[in-house]
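[1] Sequence first, then the predicted structure, then my questions.
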Amino acid sequence: VRMSQVDTDVILEDSEQRTIDDKPEIHFIKARVPTSLLDRSHLSFLLRHTAAIPGAYAALDQNRLTVLFFNLGALDILDEIDQISEHRQHIVNWIYSLQISTAEGAAEDACGFRGSFTTAIDPKGTVSGKVHDAGNLAQTYSALLSLAILGDDMSKVKRSAILNTVKKAQTELGCFASQGAESECDMRYVYCAVAIAYMLGDDSCIDWKRLGEFMQKCVNYDGGIGQMPGDESHGGSTYCAVAALSLANRLWDESVLTRKQIGKLIKWAILKQDRGFHGRANKPDDSCYAFWIGATLEMLSAFSLVGQDELRTFLYSVQFPPLGGFCKLQETGAHPDVLHTYFSLAALSIMKEPGFQPMHAPLNITRRVHETVARRRIHFAHHHT
């Protein structure tokens, strides 16, 4: 890898001749911690990942749509989405190719978008996707956001089928199953369901009484919110709950969270900052929580309580100068990935990093893309009443 014109003292040594089967010994001699934003390196990192997903992501094959969203969303934050304009229609067509409804054999509670073309194979070796091929709430959320970033009019989105799936996905407990009956169910999919309904302009598919009761059961004594009732308070699930309430205009009306609980939640969130933020008590700072908890505090009108200089310094320190991107932690041997790169850039946007597009925290996209979503919502309201 050519490393000229990069401000780094990282030296990679491998002094012996090796065969293809040998694992090279890589020694990190000294690494200068970045103290400013390496924005051009991050652009190169994102464009490489948009063109081809590295082999290290093979375990995420069923989540390709989410990986795509992280790339597109990060490019949009950097105001560089036009860099892929010549590939726009190809990407849009690929996203729509992953859509599935009852017409393609999906169950009524599993319509939406798949994460990839991974399908089930029966013992005879033939594809048997009719039973196992299904949309997923998280991938549907990622697909709709990606289409919005790309400026698609969403006319090919099977809106009625997806909204019906959201309705059928809500369990007796009040949360939402991710991919049909007996699939995992927790606060992550609550957020995805509410965000999908928001983007498609109709939340009548959600039983808010049941959902409110579920959310209340997930509030813990320390003020944070867990994935499920009794689970430990977590930065990600706290964001999901607060953002869902914000999208539904229910955050401040005390129909779910009381003002006292919100005050306690703010204190819990603030106490998760050392330099960066960590998602649970007694964990190391992790770059993605700069967004999860930072955006939560932004929605609660409490971001001014964040130590922003310390947070910015932490995020700068987890950049990867040789290749671009952001790492999860500040430690020797850490490597960058698209998830932590996206959320680090999103957090810097909330801190008004110069040249960045500002974020719409509840929907996890830039404000200009949210304006596109808002126009689509008006269109859906006028044409589907």
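    That came through fine.
[2] What mean pLDDT does stretch 152-162 get?
    Per-residue confidence for stretch 152-162 averages out to 95 on the pLDDT scale.
[3] Endpoint to endpoint, it covers what distance?
    Using Cα to Cα, to the nearest Å, the end-to-end distance of stretch 152-162 comes out at 17 Å.
[4] Could you do stretch 357-364 as well?
    Taking Cα to Cα, the first and last residues of stretch 357-364 lie 12 Å apart.
[5] ok, residues contacting it?
    73, 76-79, 145, 195, 198-199, 243, 246-247, 295, 298-299, 346, 349-350, 352, 365-370, 373 (Cβ atoms under 8 Å, 6 or more residues apart in numbering). To be clear about C-beta, it is placed using only N, CA and C from the backbone, and glycine gets the same treatment.
[6] And the buried ones among the residues you listed, selectable in ChimeraX?
    Paste this into ChimeraX to select the buried members of those, with burial taken from 16 or more other Cβ atoms under 10 Å:
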select :73,76,77,78,145,195,198,199,243,246,247,295,298,299,346,349,350,365,366,369,370,373
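[7] Which stretches in the stretch 251-385 of the chain count as helices?
    Assignment of helices within the stretch 251-385 of the chain using DSSP state H, counting those that start in this stretch yields the ranges 259-270, 289-299, 308-317, 338-350, 367-383.
[8] okay if I get these as a markdown table plus mean pLDDT?
    Rendered in a markdown table, the data for the helices of the stretch 251-385 of the chain read as follows (pLDDT from 0 to 100):
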| stretch | mean pLDDT |
| --- | --- |
| helix 259-270 | 98 |
| helix 289-299 | 98 |
| helix 308-317 | 97 |
| helix 338-350 | 98 |
| helix 367-383 | 89 |
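[9] Nearest to residue 63, out of those helices?
    helix 338-350 (10.0 Å; Cβ to Cβ).
[10] orientation of that closest one relative to helix 367-383 in degrees?
    100 degrees (axes from the mean of the first three to the mean of the last three Cα atoms, to 10 degrees).
[11] Which other helices and strands does helix 338-350 contact?
    helix 39-51, helix 64-77, helix 289-299, helix 308-317, strand 326-327, strand 359-360 (3 or more Cβ pairs under 8 Å, 6 or more residues apart in numbering; DSSP states H and E).
[12] Report the rounded mean pLDDT for stretch 89-97.
    According to the model, stretch 89-97 has a mean pLDDT of 96.
[13] what comes up buried for it?
    Buried residues in stretch 89-97, defined by neighbour count with 16+ other Cβ under 10 Å: 91-92, 95-96.
[14] From those, pick the one nearest residue 224.
    Using Cβ to Cβ as the measure, the one of the buried residues of stretch 89-97 that approaches residue 224 most closely is residue 95, at 34.4 Å.
[15] Apart from its chain neighbours, what residue comes closest to that closest one?
    Nearest in space to residue 95, with sequence neighbours left out and distances taken as Cβ to Cβ, 6 or more residues apart in numbering, is residue 143 at 5.4 Å.
[16] relative orientation of the helix or strand the one you found falls within and helix 367-383 in degrees?
    Taking DSSP states H and E as the definition, residue 143 sits inside helix 137-149. Taking the same axes, to 10 degrees, one finds that helix 137-149 is oriented at 100 degrees with respect to helix 367-383.
[17] Show me what helix 137-149 is packed against.
    Contacts defined by 3+ Cβ pairs under 8 Å, 6+ apart place helix 137-149 against helix 64-77, helix 88-97, strand 112-113, helix 159-169, helix 187-199, strand 365-366, helix 367-383.
[18] Return the list of helices and strands in contact with the fifth one.
    If I follow you right, that is helix 187-199. Where contact means 3+ Cβ pairs under 8 Å, 6+ apart, helix 187-199 is packed against helix 137-149, helix 159-169, strand 176-177, helix 208-218, helix 235-247, helix 367-383.
[19] Alright, I will stop here.
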